[in-house]
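Engineer: need a 3D model of the sequence below.
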Amino acid sequence: MLTEKEKIETLTRLVIELNQVSDLDILMEHILSQARRFVNADAGSIYIAEGRMLQFTYTQNDTLQKRLAKGEKLIYSTFTLPIDEQSIAGYVAATGQPLNIPDVYEIAPTEPYNFSKEFDEASRYTTRSVLTIPLKSARGDLLGILQIINAQDEDHQVIPFSDKDEKMMLHFASIAAVALERAQMTRAIILRMIRMAELRDPKETGAHVNRVGGVAVEIYEQWALKRGLSQKEIDTNRDILRMAAMLHDVGKVAISDLILKKPGRFNNDEFEIMKQHTILGAQLFRGRQSDFDDAASQVAFTHHERWDGKGYPGYVDIQSGSPLPDHIAPDGSPLGKKGEEIPIFGRIVALADVYDALSSARIYKEAWEQSEVLDTIEKEAGYHFDPDLVEIFFSSIDVIRSIQQRYSESE
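Structural biologist: Predicted coordinates:
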């Protein structure tokens, strides 16, 4: 448990730490982890405000996590709540006032809000103390709700949240809200870029790129843990990769509609033009000023390379698109990159992108059966995909499926 002095010092550092995280999903994970650490809470959730509804977006629960095997993650379903006074989160969102409830099973019948026992019954978990705080922008607009659950004493016994806890979390929430608003703006800018591409290519939807980004981060995290990377490096790269993966096909904005929207197969000339979207996407990030620019360029450039060297664009100069000397095939075309010549971010996004493309319905095709998709991924290990990443993919398939469900096409 943190002492009061440590809490104040941590709160000061938190301003810097949270503002170093750019991706919305990664930021919510950081916010919830830090909030729970401040008040020694067993669990918590974040809801994001969308119009007159709250979207249940992220959750953590140490008790449930301990029931899982090492390396497994909690799988949770997303849902929405109306912003009204009937639920605890809805009440806080509607009134803008925090709620500190010592025991949700003892809420007075005169209160307008109530506690739903469905989650506790389904998960065999017992919720008791709940502290719910509104997350507001500098203008006072509701961004979301931070809810932390089951404060614990030094013996890990559940206790109510104190008045000091509540005051500390109000300060924390004001800091977190600034970072959250900035991350939402960053996500909105990226999705606007995606919508530009979607106007040209119907395959490039916001749901698709969110799924690719989420799956890519999951695969990367497991890959990095296997290699003993530090948690700090993993967290930094997850943040960068999540955004870069979403922009993997942004270069398609420069490809002619006659090719992008062609209903049938490309002829050889058309396919050669289509390949240019990798180079054009990488060029959007020239004059790079950050690690994100480097990663976005790398992903755009290499996500169509193959482990066996039969992908594209291969060894070409990003600026000119010309084959690099000493990397030219007999027919004059550039040699493809293969194996670990392909950067890890490109190898990961290649797998995440193909998986989602095969799993998703499009104007020109039905979604493949999941068994057929997985069979194809398995067969392509060592050919299209890095076999180590395919192994990680299958070990994380439950989490990956939950990401698909979270970012459905209806979202």
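Engineer: ok, now which ones touch Glu85?
Structural biologist: Taking CB atoms under 8 Å, 6 or more residues apart in numbering, we find Glu85 in contact with 91, 94-95, 112-113. (Glycine included, C-beta is placed from N, CA and C.)
Engineer: I meant Gln319, not that one.
Structural biologist: Contacts for Gln319 (CB under 8 Å, 6+ apart) come out as 283, 286.
Engineer: tell me who's in contact with the residue nearest to Ala295 when sequence neighbours are not counted.
Structural biologist: Nearest non-adjacent residue to Ala295, counting by CB to CB, 6 or more residues apart in numbering: Ala244, 4.0 Å away. Shown in contact with Ala244 (CB under 8 Å, 6+ apart): 292, 295-296, 298-299, 345, 349.
Engineer: any chance of these in TSV, with neighbour count and secondary structure too?
Structural biologist: Below are those laid out as TSV (neighbours: other CB atoms under 10 Å; DSSP: H, G, I helix; E, B strand; the rest coil):
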residue	neighbour count	secondary structure
Phe292	19	helix
Ala295	24	helix
Ala296	27	helix
Gln298	20	helix
Val299	32	helix
Phe345	24	helix
Val349	30	helix
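Engineer: returning to what we had before: give me the subset of the contacts of Glu85 lying in helices.
Structural biologist: With DSSP state H as the criterion, helices contain 91, 94-95 from among the contacts of Glu85.
Engineer: which one of the residues you listed is nearest to Lys70?
Structural biologist: Nearest to Lys70 among the ones in helices among the contacts of Glu85: Tyr91, at 38.3 Å, using CB to CB.
Engineer: from Trp368, how far out is that closest one?
Structural biologist: Separation of Tyr91 from Trp368 (CB to CB, to the nearest Å): 44 Å.
Engineer: the two: which is more packed in?
Structural biologist: Tyr91 (20 against 16; other CB atoms under 10 Å).
Engineer: name the element Glu121 belongs to?
Structural biologist: Following DSSP states H and E, the helix or strand that holds Glu121 is helix 118-123.
Engineer: show me how far that helix is from its chain's centre.
Structural biologist: On the basis of CA atoms, centre = their mean, to the nearest Å, helix 118-123 sits 26 Å off its chain's mean C-alpha point.
Engineer: what lines up beside the next helix or strand after it in the sheet?
Structural biologist: Using DSSP H and E, the helix or strand that follows helix 118-123 in sequence is strand 130-136. When pairing is defined by DSSP bridges, strand 130-136 lines up against strand 99-101 (antiparallel), strand 142-152 (antiparallel).
Engineer: any idea which of those is most buried?
Structural biologist: strand 142-152 (a mean of 24; mean count of other CB atoms under 10 Å).
Engineer: distance check, the closest residue to Ser360 other than its chain neighbours against Pro263.
Structural biologist: Excluding the flanking residues, the one nearest Ser360 by CB to CB, 6+ apart is Ala367, at 5.5 Å. Using CB to CB, Ala367 is found at 18 Å from Pro263.
Engineer: these two: which is more packed in?
Structural biologist: Remark: of Ala367 and Pro263, Ala367 carries more neighbours, 14 against 6, as counted by other CB under 10 Å.
Engineer: list the contacts of that one.
Structural biologist: When contacts are counted by CB under 8 Å, 6+ apart, Ala367 touches 358-361.
Engineer: now render the residues you listed as CSV, adding distance to Lys337 and secondary structure.
Structural biologist: Listed next are those as CSV, based on distance: CB to CB, whole Å; DSSP: H, G, I helix; E, B strand; the rest coil:
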residue, distance to Lys337, secondary structure
Leu358, 23, helix
Ser359, 26, helix
Ser360, 27, coil
Ala361, 31, coil
